[in-house]
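Colleague: Next come a sequence and a model predicted from it.
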Amino acid sequence: MPMMIRVYIRSVLIGAALACCFVAALMSLDVAHLRHLILNSSVGWLAVIMLIVFNTIVFAGVQFAIAVMGQAESPPSSGRRSSVRRPRPMARVHVPAATTRRK
């Protein structure tokens, strides 16, 4: 399996765990009487599932972005490092300016 697929799956799993913790915190703290609304509704289970799914999408996206941007900071893990060459100084060339006569 390609490395980026593994990183994405890991990010989704971490995002799902964070979403479950976030929804549990929302329910336990009864933010905006959300627990009361969910427990007293006949389709409260649907609201919990939607909260978990949509928060999973958000948290997984953040986790994946952090993982991808973190890879840019680390040096390559295999292969030869290419030497960094400094550019040669450019030679100065005199270019005469074109003049036009005004009428």
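Modeller: Looks like it came in fine. Keep in mind that this is a model prediction, so the values were computed, not measured.
Colleague: Pass me the low-pLDDT residue ranges in the chain, would you?
Modeller: Within the chain, the stretches with pLDDT under 70 are 73-84, 103.
Colleague: Point me to the helix or strand that includes the nearest residue to Arg35 once chain neighbours are set aside.
Modeller: Spatial nearest neighbour of Arg35, chain neighbours left out: Met27 (4.9 Å); criterion: C-beta to C-beta, 6 or more residues apart in numbering. The way it works is simple: take the backbone N, C-alpha and C, and place the C-beta from them, glycine included. Here Met27, judged by DSSP states H and E, is contained in helix 3-29.
Colleague: Buried residues, the helix or strand just after that helix. List them.
Modeller: Tracing the chain past helix 3-29, the next element assigned as helix or strand by DSSP H and E is helix 34-39. Residues of helix 34-39 classed as buried: Leu34, Ile38 (neighbour count, 16 or more other C-beta atoms under 10 Å).
Colleague: Spatially central residue for the chain, please.
Modeller: The centre of the chain sits closest to Ala65, judged by C-alpha atoms, centre = their mean, with a distance of 1.8 Å.
Colleague: Show me which positions of the helix or strand where that one lies end up buried.
Modeller: According to DSSP H and E, Ala65 maps onto helix 44-73. For helix 44-73, a neighbour-count test (16+ other C-beta under 10 Å) marks Val48, Leu51, Ile52, Asn55, Thr56, Phe59, Ala60, Gln63, Phe64 as buried.
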